[in-house]
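Novice: Provided below for reference: sequence and predicted model.
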Amino acid sequence: MNEELNLMKDKSIVLIDGVCHLCQGVVRFIIPRDPEAKFLFAPLQNEIAAKLMKESGLQPGQLNTVILLENGVYYTESAAVLRIVRKLRFPWPAAYVFILVPRPLRNALYRYVAKNRYRWFGRDGQCMLPTPEIKRRFL
């Protein structure tokens, strides 16, 4: 595990629900738009994510939000999503303008999608297995 923790220095870490098809799609969306590999990923269901969440004061096993760890600060819900798109290749950083929408409105929409994601997009019985090409991006 120490090797994984060393890999995390100077990286942003995205924690996702590893069995959710929407969340898996988010990872598949980010990777080609992040050619500098600024982001590392971990399913919320693994031990590294649980350790990171516990250190942050978040409830391990909380699967209803994407979590972004950036420079020792944790972001959840819409703030996490917007901070992620801000670091992607053009034109995606332009979507950061939605940070101007009041957080309660952004998060209400986020929670609505999160609540229905399994019904709309489906889920797997186990976490996604990364392909050999992207395995180095997973903790």
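Specialist: Structure's in. What do you need?

Novice: Please settle this for me: is Phe41 part of a strand?
Specialist: Yes: using DSSP: H, G, I helix; E, B strand; the rest coil, the assignment for Phe41 is a strand.

Novice: Could you give me the buried positions within whichever helix in the chain runs longest?
Specialist: With DSSP state H setting the assignment, residue counts place helix 103-121 as the longest helix in the chain. Buried residues in helix 103-121, counting neighbours by 16 or more other C-beta atoms under 10 Å, are found at Arg106, Asn107, Tyr110, Ala114, Arg117. Using the backbone N, CA and C atoms, a C-beta is placed for each residue, glycine as well.

Novice: JSON lines for the residues you listed, including distance to Val66 and pLDDT?
Specialist: Below are the buried residues of helix 103-121 laid out as JSON lines (distance: C-beta to C-beta, whole Å; pLDDT from 0 to 100):
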{"residue": "Arg106", "distance to Val66": "13", "pLDDT": "96"}
{"residue": "Asn107", "distance to Val66": "12", "pLDDT": "96"}
{"residue": "Tyr110", "distance to Val66": "9", "pLDDT": "94"}
{"residue": "Ala114", "distance to Val66": "9", "pLDDT": "91"}
{"residue": "Arg117", "distance to Val66": "11", "pLDDT": "90"}
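
Novice: need the helices for the protein, in chain order.
Specialist: Using DSSP H, helices in the chain cover 2-7, 21-30, 47-56, 77-86, 103-121.

Novice: what is the orientation angle of the longest one with helix 21-30?
Specialist: Between the axes of helix 103-121 and helix 21-30, defined by axes from the mean of the first three to the mean of the last three C-alpha atoms, to 10 degrees, the angle is 110 degrees.
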